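Visitor: Give me the fold of what follows.
(one chain, ligands or ions: 4)
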Amino acid sequence: MSKTTEILTDTFGRQHNYLRISLIEKCNLRCTYCMPEHGVPLTPKENLMTSSEVVEIAKVFVKNGVNKIRLTGGEPLLRKDFSEILAGLAEFPVQISITTNAILVDRFIDDFKKYDLRDINVSLDTLNPEKFNTITKRNQFDKAFENVLLLIKEGFNVKVNVVLLNDFNENEIINFIEFTKNNAVNIRFIEFMPFSGNSWDKSKLVSYQQILDRVSDKYKSEDIISIKNEQNFTARNFKIKDYAGSFGIISSVTNPFCDVCNRIRLTANGKIKNCLFSTSETDLLTALRNGDNIEDVIYTAVTKKKAVRAGMDENADFEDLSNHHNRSMITIGG
Ligand SMILES: Nc1nc2c(ncn2[C@@H]2O[C@H](COP(=O)(O)OP(=O)(O)OP(=O)(O)O)[C@@H](O)[C@H]2O)c(=O)[nH]1
Ligand SMILES: C[S@@+](CC[C@H](N)C(=O)[O-])C[C@H]1O[C@@H](n2cnc3c(N)ncnc32)[C@H](O)[C@@H]1O
Ligand code: SF4
Ligand code: SF4
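Guide: Numbers count the residues shown, from 1 in each chain. Ligands and ions are numbered 1, 2, ... in the order given. Alright, predicted model coming up:
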C-alpha cells in the first residue's frame, strides 16, 4: 500500500472508498439485537467528535479517495447539530447517505433535499405495530411507517433493513416482499449478527438459504429474478417479476463478502474500526487533537485490516463470532 495511490488500499489490494461515520451513541429505540438490555456506558461528551471535527476528519478521508460517506449511529438524526454536519460534508465531492430508524426523518426532508442526501436506508423489522413495540421497546410503529411512506413519496432512494429473527419476524418475509409490489423500495433481509450484549445465538439466526427457501415456496422460480450485484455489495438482490421494488439478503454470517470490502468505520468517539468485527481500534480523534498527521494514522489503520472478519479463519465456525470480544452494535453503527 502506498500513499501515492491516494486511495486507502490495504495489504490485500482492497480500496477503501466508503467511510461509515457513527455520529452518536444514543438512540430513541432499544432494538434488542443492537442495544444491550441495560444500555451501554456512554462516552463523556468531551470525548465525542464535535461537528467540526467530523468534517475535518472526513475531509482527510475524501482527500485519500473516499467518495461515499454513510452517517449512522445510534440514531444519527438525534444529533442536535446534524444539519450543520450535513452542510459541512456536502461541500465535498462525495455521495452522502444515511442509515436511520426513520422516527425523525419528517423533520429533515428539506435538509436532505438541500444537501442532496438521496440514499436513505431505514430500519424497520416488522409491519406489525405490536411486534415493533416488542423488538424496539418503543411504541412508535406508526411514526416509523408513515415516515418510510413519506420518503418513498418524496422520491428518495429508500432501502429498508429488516433484521430477521427466528420465531419473531421470519414469517413476515413474504409480507415485506409484497410491500415491494407497489412501492419502489429495496427490502434487505439481514442475518442476525453477534455483538456485545445482544444475546446472539445460532438458533435465532435466519440464514440466507432459509430466506430463499421461503421465497421459493411462495413464488414460481421463473418469477424470481436475480439482479446483478452492485460493486462492493452487501446484499444479494432479487425482484419478483413486474413488482415495482426489489429485495436482497445481507448474509454477513453465513456468507460474508469480505473479499470485496471497501468500508472503513469511524465511531462517535473518533476511533477507526477497520472492520465491523475488529477488536483493535485506532484513536484518530486523540491524534487530531494532538496535532498529529492523521493521514498517516488512517493509512496505518487500513494496513492492519485482516483479509476476512474474525471467526472466519479457515478452521473456525461462525459461532466463534459470539465469543469474540467486540463493541455493542449501537456504538459501531452497522
Ligand atoms: N459484515 C458486514 N456487514 C455490513 C457491512 N456494512 C454494512 N453491513 C451490514 O449491513 C446492514 C445494512 O447496513 P446499512 O447501514 O444499511 O449500509 P449498507 O448495506 O452499506 O448500505 P448501501 O450503502 O446502501 O450498500 C447492517 O446490518 C450492517 O451491519 C460490512 O462492511 N460488513
Ligand atoms: C446500528 S443501526 C444505526 C442506524 C439507525 N439507528 C438504524 O437503526 O437504522 C444500523 C444498522 O445495523 C443493523 N443492526 C443492528 N444490530 C444488528 C445485528 N445484531 N445484526 C445485524 N444487523 C444489525 C440495524 O438493523 C441497522 O440497519
Ligand atoms: S438498530 Fe438503530 S434504531 Fe435500533 S437500537 Fe440500534 S441504533 Fe437504535
Ligand atoms: S466483516 Fe469486516 S472485512 Fe468483512 S465485509 Fe464486513 S467490514 Fe469488511
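Visitor: What parts of the stretch 1-150 of the chain come near ligand 3?
Guide: Residues of the stretch 1-150 of the chain lying close to ligand 3 (C-beta under 6 Å from any ligand atom) are Cys27, Leu29, Arg30, Cys31, Cys34, Met35, Gly73, Gly74, Glu75, Asn101, Ser123. No exception for glycine: its C-beta is placed from N, CA and C like everyone else's.
Visitor: Buried subset of those as a ChimeraX selection?
Guide: To isolate the buried ones among these in ChimeraX, judged by 16 or more other C-beta atoms under 10 Å, type:
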select :27,29,31,34,35,73,74,75,101,123
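Visitor: wait, which of the residues of the stretch 1-150 of the chain next to ligand 3 is closest to ligand 1?
Guide: Ser123 (7.8 Å; C-beta to the nearest ligand atom).
Visitor: Ignoring the adjacent residues along the chain, who's closest to the closest one?
Guide: In this structure, Ser123 finds its nearest non-sequential neighbour in Asn161, 4.6 Å apart by C-beta to C-beta, 6 or more residues apart in numbering.
Visitor: Same question for Val260.
Guide: Nearest residue to Val260, sequence neighbours excluded (C-beta to C-beta, 6+ apart): Asn232, at 5.1 Å.
Visitor: quick one: low-confidence ranges for the protein?
Guide: 1-6, 311-324 (pLDDT under 70).
Visitor: Which stretches in it count as strands?
Guide: 8-9, 15-16, 18-22, 68-72, 95-100, 119-123, 157-164, 186-191, 224-226, 235-240, 246-250, 263-266, 271-273, 282-283 (DSSP state E).
Visitor: Export the ones you listed to CSV and append columns for distance to ligand 2.
Guide: Formatted as CSV, the strands of the chain follow (distance: least, C-beta to the nearest ligand atom, whole Å):
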stretch, distance to ligand 2
strand 8-9, 22
strand 15-16, 19
strand 18-22, 8
strand 68-72, 5
strand 95-100, 4
strand 119-123, 3
strand 157-164, 3
strand 186-191, 5
strand 224-226, 23
strand 235-240, 12
strand 246-250, 8
strand 263-266, 11
strand 271-273, 13
strand 282-283, 21
